[in-house]
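In: the sequence and its predicted three-dimensional model are supplied below.
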Amino acid sequence: MIKYETLKAKLLADNDTRKEYEACALEYEVAYALILARQEANMTQEEVAKKMNTTQSVIARLEGGKHFPSLQTIFDVISNILEFLL
């Protein structure tokens, strides 16, 4: 499996791709942070969703980086994940 950092570097070598990425960088970085936190807690999207009383598809959309969640939603996700890390 290709690592995120390797794929990111390969894709960003293209100038047009880099410009688009930079325009959406904050959204992508938030999504990546949510994925890393969930993985660190050894949780599935389904497990996080159940803790938040939502569906797996909502968590998938948050992690997809195409929709920027509110700060409250980010806080809720991280709070529920941190319970498993502490």
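Out: Done, it's in. Numbers count the residues shown, from 1 in each chain.
In: use CA for all of it now, contacts and neighbours both
Out: Fine.
In: lowest-confidence helix or strand of this protein?
Out: Ranked by mean pLDDT, DSSP states H and E, the helix or strand of the chain with the weakest confidence is helix 71-85, at a mean of 82.
In: other SSEs contacting that one?
Out: Taking 3 or more CA pairs under 8 Å, 6 or more residues apart in numbering; DSSP states H and E as the contact definition, the neighbouring helices and strands of helix 71-85 are helix 25-40, helix 45-51.
In: show me the shaky parts of the protein.
Out: 86 (pLDDT under 70).
In: middle-most residue in the chain, spatially?
Out: Computing the C-alpha centroid of the chain and ranking residues by CA atoms, centre = their mean puts Ala31 first, at 2.4 Å.
In: so what's that one up against?
Out: Residues near Ala31 by CA atoms under 8 Å, 6 or more residues apart in numbering: Leu62, Glu63, Gly64, Gly65.
In: again, only this time at 10 Å
Out: Contacts for Ala31 were tallied using CA atoms under 10 Å, 6 or more residues apart in numbering; they are 25, 59-69, 74.
In: what secondary structure does Phe68 sit in?
Out: In terms of secondary structure, Phe68 is coil; the call rests on DSSP: H, G, I helix; E, B strand; the rest coil.
In: settle this for me: it is touching Leu62, isn't it.
Out: Yes - using CA atoms under 10 Å as the test, Phe68 is close enough to Leu62 to be in contact (7.2 Å).
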